[in-house]
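>>> next input, structure requested:
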Amino acid sequence: EVQVVESGGGLVQAGGSLTLSCATSGLGGDNYALGWFRQAPGKEREGVACFTSVSGKTHYADSVKGRFTITSDNAKTTVYLHMSSLKPEDTAVYYCNVRPGVGPPYWGQGTQVTVSS
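Numbering: from 1, shown residues only. Predicted structure coming up:
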């Protein structure tokens with residue numbers, strides 16, 4: 001059974017930094033993508049950043065480029081989202097997403113990030 005557990009959310013002032021963690025277990029194979037999505041109140045869930053295990057390539061939403069960085073541990077089963085220069089518009093519930101090469105995606109339970117102005 002695949003498990004996805006996020007941690008690290010919280011309250012931070014604008015301009016501050018925060019790091020989210022996503023620990024996964026039960027993944028089979030080595031071909032998958034790990035990523036972060038977020039959903040603000042009244043808005044649709046949007047992709048923020050992702051990392052592919054095979055190529056190591058990363059992708060970022062335009063709104064976070066230059067401010068957020070996605071990294072993983074050596075085993076590529078834990079992914080981190082390092083967020084800096086945070087803005088109030090970054091306030092959202094952040095979800096970790098795992099997309100295996102085959103099969104359905106998996107989601108974490110979400111972690112709240114609140115940026116105060």
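
>>> contacts, neighbours, all on C-alpha from now
Fine.

>>> bridging residues for residue 47?
Beta-bridge pairing of residue 47 under DSSP bridges involves residue 37.

>>> next, residue 89: secondary structure please.
Recorded secondary structure, residue 89: helix (DSSP: H, G, I helix; E, B strand; the rest coil).

>>> which helix or strand contains residue 76?
For residue 76, there is no host helix or strand (DSSP states H and E).

>>> and the closest residue to it other than its chain neighbours, its phi and psi?
Distance criterion C-alpha to C-alpha, 6 or more residues apart in numbering; nearest residue to residue 76, sequence neighbours excluded, is residue 53 at 6.5 Å. In terms of degrees, to the nearest 10, the main-chain angles of residue 53 are phi -70, psi -40.

>>> you'd agree residue 53 is up against residue 74?
No: the pair residue 53 and residue 74 fails to qualify as a contact (C-alpha atoms under 8 Å) at a distance of 10.4 Å.

>>> so between these two, which is more surrounded?
Here residue 53 and residue 74 are compared on neighbour count by other C-alpha atoms under 10 Å; more neighbours surround residue 53, at 18 against 8.

>>> nothing else from me, thank you.
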